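**Student:** Any chance you can model this:
(one chain, ligands or ions: 1)
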Amino acid sequence: MDYRETYFGKYKNYPIREYILDNDKNLIVKILSLGGTIREINYKGKNRVLGFNNVDDYINLRTYFGAIVGRVAGRISSRLIRIDGVDYKLNQNEGTTCLHGGQEGFSFKAWEFEESKISDNSVSVTLKYISPNLESGFPGEVTVFAKYTVYDDDSLSIEYFAKTNKATPITLTNHSYFNLNDDLNEDILDHFLKIDADSYLKLDEKSIPVKAVSVENTPFDFKRAKMIKSDMDLFLEDFKYTKGYDHPFILNVEKCIELYSEKSGISLNIETTEPVVVLYCSNKLEKDLLLSNGEKTFNYQGVCLETQWYPDALNQDFLPDNILKPEGEYYSKTIYRFKNISD
Ligand code: G6D
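**Tutor:** Sure thing, here's the model as predicted:
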């Protein structure tokens, strides 16, 4: 087990550090203090996520590559939210919606180093961010800890802990774009994907949930592993505005998500405490951005599996809300297990 850190760059007056968690076997994870961003997941000598080489690209291009997304991940459809009888005006950074915590989202903040730990079978780093009252319009000062742990079984866990001094909505997730091929120039459409979900959320033209529907006999049935491209017919109504999968799935109790590349033999198994996973296949990823390994970006180059609470919960009567109260504590955990079938 090894822990290292380096200087990565500067953002406003903050030095941005990179923390490297290495299990001295097959898994090395590199995390930035900017947005708690996972810049690289190196498994068996190859990087399996999309990332940049500099701070400016993370800030200016807003792809959310590898970033922690919050205070509220996903889209909030209303400008006003009412908490304990008080109306709060949210920042609308995507037309009339507040996307991924608004312009002042957690992804674009300098997080503080809290601690690192090494044990016989794991190495971790914990980052901290204090989100001030009314950041992007959200009520209350929220203190968040994000703990990343790499284990000797080639798994990575991400845990979030948060407290607030006033009732506020909160939904946190990680926005890594996975590509399990050995070559990031190959798209993810022939990755096999399994999602243990009986229903998904239909979206309107602004990608706001309108109802939960069964996946039976729809392109959203991933209960048995299939290639991502198998049923992704862009002429279908569900994909008219999203140009592919960009949808929340309501996970069954087992919460099993599996991704697999036949080309590399690499698989990723995801377990989570969260009730939902948003499947986004980088349908709208800007082209020709320069990645950290010198490659250029293109559509369908990475697949995001954003484990989280129900999106737009505050505004959708059919979804349970995500209000954190001062007497409560927010906690969520997602584990990413990497394997190679040849092992
Ligand atoms: C696009 O609609 C998608 C979102 O789901 C994604 O999180 C974002 O790009 C990065 O807006």
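**Student:** Helices along the stretch 1-150 of the chain, start to end?
**Tutor:** Taking DSSP state H, counting those that start in this stretch as the criterion, the stretch 1-150 of the chain contains helices spanning 55-61.
**Student:** How about the backbone phi and psi for the residue of it at minimum distance from the ligand?
**Tutor:** For the stretch 1-150 of the chain, the residue closest to the ligand is Tyr64, as judged by C-beta to the nearest ligand atom, at 4.5 Å. Any C-beta I mention is one placed from the backbone N, CA and C, and that applies to glycine too. Here is the backbone geometry of Tyr64 (degrees, to the nearest 10): phi 60, psi 20.
**Student:** doesn't Arg79 make contact with Asn93?
**Tutor:** No - between Asn93 and Arg79 there is no contact, the gap being 11.5 Å when judged by C-beta atoms under 8 Å.
**Student:** what's the offset of the helix or strand harbouring Leu279 from the middle of its chain?
**Tutor:** Per DSSP states H and E, Leu279 falls inside strand 276-280. Here strand 276-280 shows a centroid-to-chain-centroid distance of 9 Å under the convention C-alpha atoms, centre = their mean, to the nearest Å.
**Student:** I'd like to know the beta-bridge partner residues of the closest residue to Leu156 other than its chain neighbours.
**Tutor:** Spatial nearest neighbour of Leu156, excluding adjacent residues (C-beta to C-beta, 6 or more residues apart in numbering): Tyr336 at 4.7 Å. For Tyr336, the beta-bridge partners under DSSP bridges are Leu156, Ile270.
**Student:** any idea how far Tyr336 is from the ligand?
**Tutor:** 18 Å (C-beta to the nearest ligand atom, to the nearest Å).
**Student:** Contacts only, for that residue.
**Tutor:** By C-beta atoms under 8 Å, 6 or more residues apart in numbering, the contact set of Tyr336 is 41, 155-158, 268-270.
**Student:** which bits of the stretch 201-343 of the chain sit near the ligand?
**Tutor:** 207, 246, 280, 284 (C-beta under 6 Å from any ligand atom).
**Student:** let's see 8 Å
**Tutor:** Contacts of the stretch 201-343 of the chain with the ligand, taken as C-beta under 8 Å from any ligand atom, map to 207, 242, 246, 278, 280, 282-285, 304, 306.
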